[in-house]
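Enquirer: what shape does this take:
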Amino acid sequence: MRRRTFVKSAVATGVVAVLPGCGRSTPGQSTSSALAAVKSNGDATSLQSAVVREFADELYGTLYLPTDAGYDAVRKVWNGMIDKEPALIAQCASVTDVQSAVTFARDHELLVAVRGGGHSYPGKSTCDGGLMIDLSKLHAVEIDPDARTATVEGGALLGHLDTASLGHGLATTTGIVSHTGVGGFTLGGGMGRLDRMHGLAVDNLLAATIVTADGQIIRASDDENADLLWALRGGGGNFGVVTEFVYRLHPFAGTVYGGYLEYPMGQATEIMSRLAELEPALPDAARVEPYLYVADGERIFGVTVSYMGDPATGESVVAPIVNMAKPAHNSLDTGSYSAWQTMLDGQLGHGQLNYLKSGFINELTPQFIDAFVGNFDAETLPNVWFQHLGGATSRIDGDSTAFAHRNVAFNLGIDSVFTDPAETEDRIAAVRRYYEAMAPFMQGYYTNLNEEGAGKTKGNYGPNYARLADLKAKYDPGNLFRLNANIEPA
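Expert: This next block holds a predicted model:
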């Protein structure tokens, strides 16, 4: 109890320095000062200092306001293109803090953003003028090696989960950048290097604990609130703030066989056509992921090849891919899975400017291959890459989870990563130009990587949307959680 009292007092003092109406006056300032904020409908509002102080006093964690020391560091998210200023940031230190923050936002009709890793490309984990609920301090991971499960707090990063599970010779599907948050990654579907073997992250999600819009803590599993678990498996952050995930783990040795094959750009059509023939017969453990980029003014075509099964058999399994043509560069070798999981961390580090569009590709048809290669020819070009799907992911019915895109072969990403804001307009234009050329071949998109309007969101969930809208009306009838691929309450 004494610890809680100390934390509450320290937090309250921080707020008083900003809002003199919170119990301590500052010369020259009115004791009735209020904090300007924004409601979820976009209207302006204000919060009296006494109300803010009371909120801060409830928290084990820290409430940051715009003039607090540390506010700028806390408000920053991964994508340097996003620069927003919440009116309040509740950095939660407990599940009850999350309850308090959700209740405060609902009672005052505030715009709400939920931040885990802060990796949302379009910046949905922050907002201007609203309340950011920051889960970053809630990052514990507990492994049960006998049950082969991982219990993970909502603010953990994928690297936390990977490190803890691999330490027990176990793993589950996580993404390709270790400083991504587990929350947004999982709730949107969760694609990664093990999905062809073990399914998406949502296919390995056994249970979740969530704070819903009414401030209640609800457990969702196959045995309780199964409808909510179905919705969380791909329905995004529409239904509340998930404070705990429970994942199924799989035995995994931690070593893989793989690397990069690169070829002259003039061979791209030939190699892609051969891949189209070989890909359908590959085992679940094998992945082939073409890519395009520019280095020193030269267009580069390559294929990432990896085998997530026994490395001793990996070389023979991927031999048909290697033997398609003689590569100009071949880095295939046995290596650490952990190294693979972190190899892009620097390239996609915090603070860089990122713009991306993506979509699912069902088949490498000749028409697609011609467009894929032929449109990579302009003054400014993006990075283009594939994520290999299929395998175990495709053997799950489209209505078994909210994530409906089961019959696709690849996710095609088109992005630009840069540091000079003066390049923003040209970089965005390059991504959009190439995306428009690929769009006729796409069948939906991965909600974690795209920002789309209500019409496209509805179409992207297909026949699952109506059920999701009913569940949204049940768990969040006021659409408090709207900064996501938003599902409107039925």
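
Enquirer: which residues touch the residue most central in space within the chain?
Expert: Residue closest to the average C-alpha location in the chain (C-alpha atoms, centre = their mean): F185, at 3.5 Å. By C-beta atoms under 8 Å, 6 or more residues apart in numbering, the contact set of F185 is 117, 119, 158, 174-175, 201, 448. Every C-beta, even on glycine, is put in place using the N, C-alpha and C of the backbone.

Enquirer: with A156 instead?
Expert: Shown in contact with A156 (C-beta under 8 Å, 6+ apart): 116, 138-141, 181-182.

Enquirer: same thing with A164?
Expert: Under the criterion of C-beta under 8 Å, 6+ apart, the contact list for A164 reads 141-143, 150.

Enquirer: so which of those residues is the closest to R427?
Expert: Nearest to R427 among the contacts of A164: V141, at 36.0 Å, using C-beta to C-beta.

Enquirer: which intervals of the stretch 1-150 of the chain have sub-threshold pLDDT?
Expert: Residue ranges of the stretch 1-150 of the chain with pLDDT under 70: 1-32.

Enquirer: try it again at 90.
Expert: For the stretch 1-150 of the chain, applying pLDDT under 90 flags the ranges 1-33.

Enquirer: where do the helices sit along it?
Expert: Counting by DSSP state H, counting those that start in this stretch, the stretch 1-150 of the chain has helices at residues 2-18, 49-58, 71-75, 95-107.

Enquirer: so what sits opposite I210 in the bridge?
Expert: Beta bridges link I210 to I218, V242 when assigned by DSSP bridges.

Enquirer: what about it, distance to M265?
Expert: As judged by C-beta to C-beta, to the nearest Å, I210 and M265 stand 48 Å apart.

Enquirer: buried ones among the contacts of A156?
Expert: 116, 138-139, 141, 181-182 (16 or more other C-beta atoms under 10 Å).

Enquirer: surely the residue nearest to the centre of the chain is in a helix?
Expert: Yes: assessed with DSSP: H, G, I helix; E, B strand; the rest coil, F185 lies in a helix.

Enquirer: heads up, I number from 147, so please use that
Expert: All set: I'll call the first residue 147, so the last point we hit is now F331.

Enquirer: I356 and M411 - which one has more neighbours?
Expert: A count of neighbours by other C-beta atoms under 10 Å puts I356 above the other of I356 and M411, at 25 against 15.

Enquirer: separation between that one and Y607?
Expert: Distance from I356 to Y607, by C-beta to C-beta: 19 Å.

Enquirer: ok, now N630?
Expert: From N630 to Y607 the distance is 12 Å (C-beta to C-beta).

Enquirer: please apply the same query to E416.
Expert: According to C-beta to C-beta, E416 and Y607 sit 38 Å apart.

Enquirer: the nearest residue to E231 once chain neighbours are set aside: what's it in contact with?
Expert: With sequence-adjacent residues excluded and distances taken as C-beta to C-beta, 6 or more residues apart in numbering, E231 is closest to D274, at 5.8 Å. Listed by C-beta under 8 Å, 6+ apart, the contact set of D274 reads 184, 230-232.

Enquirer: which of those has the largest number of neighbours?
Expert: Highest neighbour count within the contacts of D274: P232, with 28 neighbours (other C-beta under 10 Å).

Enquirer: quick one on the thing from earlier: looking at the buried ones among the contacts of A302, which are in strands?
Expert: Using DSSP state E, the members of the buried ones among the contacts of A302 that fall in strands are V287.

Enquirer: just the buried ones among the contacts of A302 now: which is nearest G207?
Expert: The closest of these to G207 turns out to be L284 (C-beta to C-beta; 9.0 Å).

Enquirer: over to Y439. Which of the three states is it?
Expert: State at Y439, reduced to three classes by three-state DSSP: strand.

Enquirer: residues in a beta bridge with it, which ones?
Expert: In this structure, Y439 bridges to I446 when assessed by DSSP bridges.

Enquirer: with L407 instead?
Expert: Here L407 sits in beta bridges with V449, N476, going by DSSP bridges.

Enquirer: burial measure for it, as a count.
Expert: Residues near L407, counting by other C-beta under 10 Å, number 24.

Enquirer: show the model's pLDDT score for it.
Expert: Looking at L407, its pLDDT is 98.

Enquirer: which residues does it contact?
Expert: L407 sits next to 448-449, 451, 467-468, 473, 475-478 when contact means C-beta under 8 Å, 6+ apart.

Enquirer: have a look at E416 and Y607 and say which one is more surrounded.
Expert: Shown here are E416 and Y607; by other C-beta under 10 Å, Y607 has more neighbours (24 against 14).

Enquirer: name the element that one belongs to?
Expert: Using DSSP states H and E, Y607 falls within helix 600-607.

Enquirer: buried sites along that helix?
Expert: Of all the residues in helix 600-607, those buried under the rule 16+ other C-beta under 10 Å are 603-604, 606-607.

Enquirer: how about stretch 247-263?
Expert: Buried residues in stretch 247-263, counted by 16+ other C-beta under 10 Å: 247-252, 254-263.

Enquirer: quick one: the closest residue to A202 other than its chain neighbours from A302, how far?
Expert: Distances taken as C-beta to C-beta, 6+ apart place L209 nearest to A202, at 4.1 Å, with adjacent residues excluded. To A302, L209 is 22 Å away according to C-beta to C-beta.

Enquirer: repeat for Q194
Expert: Q194 sits 35 Å away from A302, going by C-beta to C-beta.

Enquirer: picking up where we left off before, same list (the contacts of D274) but as JSON lines, adding distance to A585.
Expert: Shown next, in JSON lines, are the contacts of D274 (distance: C-beta to C-beta, whole Å):
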{"residue": "V184", "distance to A585": "34"}
{"residue": "K230", "distance to A585": "29"}
{"residue": "E231", "distance to A585": "34"}
{"residue": "P232", "distance to A585": "34"}
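
Enquirer: where does the spatially closest residue to S282 that is not a sequence neighbour sit, in terms of helix or strand?
Expert: Nearest non-adjacent residue to S282, counting by C-beta to C-beta, 6+ apart: G301, 4.7 Å away. For G301, there is no helix or strand it lies in under DSSP H and E.

Enquirer: how does this protein divide into domains?
Expert: 148-280, 287-397+599-621, 401-595 (automatic domain parsing).

Enquirer: which one of these lies closest to P635?
Expert: Among those, the nearest to P635 by C-beta to C-beta is domain 287-397+599-621 (3.9 Å).

Enquirer: how about the strands in the stretch 297-446 of the chain?
Expert: In the stretch 297-446 of the chain, the strands defined using DSSP state E, counting those that start in this stretch lie at 316-317, 351-357, 363-367, 387-394, 396-397, 401-409, 432-441, 444-453.

Enquirer: which residues does the fourth one contact?
Expert: So the one you mean is strand 387-394. 241, 244, 248, 260, 279, 281, 284, 294-300, 307, 318, 328-329, 332-333, 347, 350-357, 363, 367, 378, 627.

Enquirer: do that again at 7 Å, thanks
Expert: Contacting residues not belonging to strand 387-394 are listed as 241, 244, 248, 260, 279, 284, 294-300, 318, 328-329, 332-333, 350-357, 378 [C-beta atoms under 7 Å, 6 or more residues apart in numbering].

Enquirer: no further questions, thank you.
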